[in-house]
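Peer 1: Just the structure for this:
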Amino acid sequence: MPSLGEIKRKQQQTWSSGDYSKVAWITQPLAEVVCEEVDLRPGSRVLDVATGTGHVALAAARRFCEATGLDYVPALLEVGRQRAAAEGLRVEFVEGDAEDLPFPDDTFDYVLSAIGVMFAPDQPKAASELLRVCRPGGTVGVLSWQPKGYLGELFALIGRYVPPPPELRPAALWGTEERVRELFGTGASQLSFRQGAHTHRFPSVDHYVDFFLSYYGPTHKAAQALDAKSRESFAADIAALVGRYNRARNGAAVWPVDYLLAIAVKA
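Peer 2: As a prediction, this is how the structure comes out:
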């Protein structure tokens, strides 16, 4: 059985594969959702955990906050720095682990993550770290894909071709109220939830499949692990899955992906 540390190292390799910077723009609007729903206040200290290319950190900086973005993939952090420089925004980007945040207790007014910390293998440890670095009375906001709907089915599909370690809890559990309540426990004095859907838009189903197999770490890495016949089957199954959710009628691919935003006030 691999340890959670070994699983994390493999995850880091997965997110470093493909080219997530080409995929990240899909979730950019969710950064605006997070910042608005937690009611970011100008001048606040904000940490964006598993920042990727910096969506939430940049959105916070645009709201005149003191923003920091953290991730364990250096190449993605470099893209975030380039984006901040292009916009003339002051954002500190730090290489680090969501399960071992390199900050003192009670450092930030807001600790946020959008489709990021949900992938940390040790979920209780990650949740504990989010609360630890947030000041008492501060806000922790985590937006995650829900296990229902398209993304839940996609993760299940990937797992059928490349089974995950049995001890790894599904990342999409962060998209359920029950699991979030377990993870934050008594560390949160208040806990509220917002549900929503983000629309994916691609020129065609085939374009989406090619794009995700080329650039999105989990599907790219899974495809690399398969032989040629299995890769063809994997691609066909993804296409069929998108086809079931697709609401476009002009050859394009347009479909909703459900998310859950959990907002906690630190006790």
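Peer 1: any idea where the strands of the stretch 51-200 of the chain begin and end?
Peer 2: In order along the chain, the stretch 51-200 of the chain carries the following strands (DSSP state E, counting those that start in this stretch): 66-71, 91-95, 108-114, 134-145, 188-202.
Peer 1: Turn these into CSV, including mean neighbour count.
Peer 2: Using the backbone N, CA and C atoms, a C-beta is placed for each residue, glycine as well. What follows is the strands of the stretch 51-200 of the chain, written out as CSV (neighbours: other CB atoms under 10 Å):
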stretch, mean neighbour count
strand 66-71, 25
strand 91-95, 17
strand 108-114, 27
strand 134-145, 22
strand 188-202, 15
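Peer 1: Compare these and give me the one nearest L58.
Peer 2: strand 91-95 (6.2 Å; CB to CB).
Peer 1: picking that back up, for L213, find the nearest of the strands of the stretch 51-200 of the chain.
Peer 2: Among the strands of the stretch 51-200 of the chain, strand 188-202 comes nearest to L213, with 12.9 Å by CB to CB.
Peer 1: What strands line up against that closest one, and which way round?
Peer 2: When pairing is defined by DSSP bridges, strand 188-202 lines up against strand 253-266 (antiparallel).
Peer 1: residues of the strand it pairs with that come out buried?
Peer 2: The neighbour-count criterion (16 or more other CB atoms under 10 Å) identifies A253, W255, V257, D258, Y259, L260, L261, A262, I263, A264, V265, K266 as the buried residues of strand 253-266.
Peer 1: Was I right to think the third one contacts Q195?
Peer 2: So the one you mean is V257. No: with contacts defined as CB atoms under 8 Å, V257 does not count as touching Q195, sitting 12.0 Å away.
Peer 1: Report how many residues lie close to P104.
Peer 2: When neighbours are counted by other CB atoms under 10 Å, P104 registers 8.
Peer 1: for this protein, what spans make up the helices?
Peer 2: Listed in chain order, the helices of the chain (DSSP state H) span residues 4-16, 20-23, 28-37, 55-62, 74-87, 123-132, 149-161, 177-184, 205-215, 217-224, 228-245.
Peer 1: Just put these in TSV and tack on mean pLDDT.
Peer 2: Rendered in TSV, the data for the helices of the chain read as follows (pLDDT from 0 to 100):
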stretch	mean pLDDT
helix 4-16	77
helix 20-23	86
helix 28-37	97
helix 55-62	98
helix 74-87	96
helix 123-132	97
helix 149-161	93
helix 177-184	98
helix 205-215	95
helix 217-224	90
helix 228-245	97
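Peer 1: still on that earlier bit, include mean pLDDT and distance to P124 when you put the strands of the stretch 51-200 of the chain into JSON lines, please.
Peer 2: Output for the strands of the stretch 51-200 of the chain, formatted as JSON lines (pLDDT from 0 to 100; distance: least, CB to CB, whole Å):
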{"stretch": "strand 66-71", "mean pLDDT": "98", "distance to P124": "19"}
{"stretch": "strand 91-95", "mean pLDDT": "98", "distance to P124": "23"}
{"stretch": "strand 108-114", "mean pLDDT": "98", "distance to P124": "15"}
{"stretch": "strand 134-145", "mean pLDDT": "98", "distance to P124": "14"}
{"stretch": "strand 188-202", "mean pLDDT": "97", "distance to P124": "14"}
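Peer 1: and of the ones you listed, who's closest to E177?
Peer 2: Once CB to CB is applied to the strands of the stretch 51-200 of the chain, the stretch that comes out nearest is strand 188-202, at 5.4 Å.
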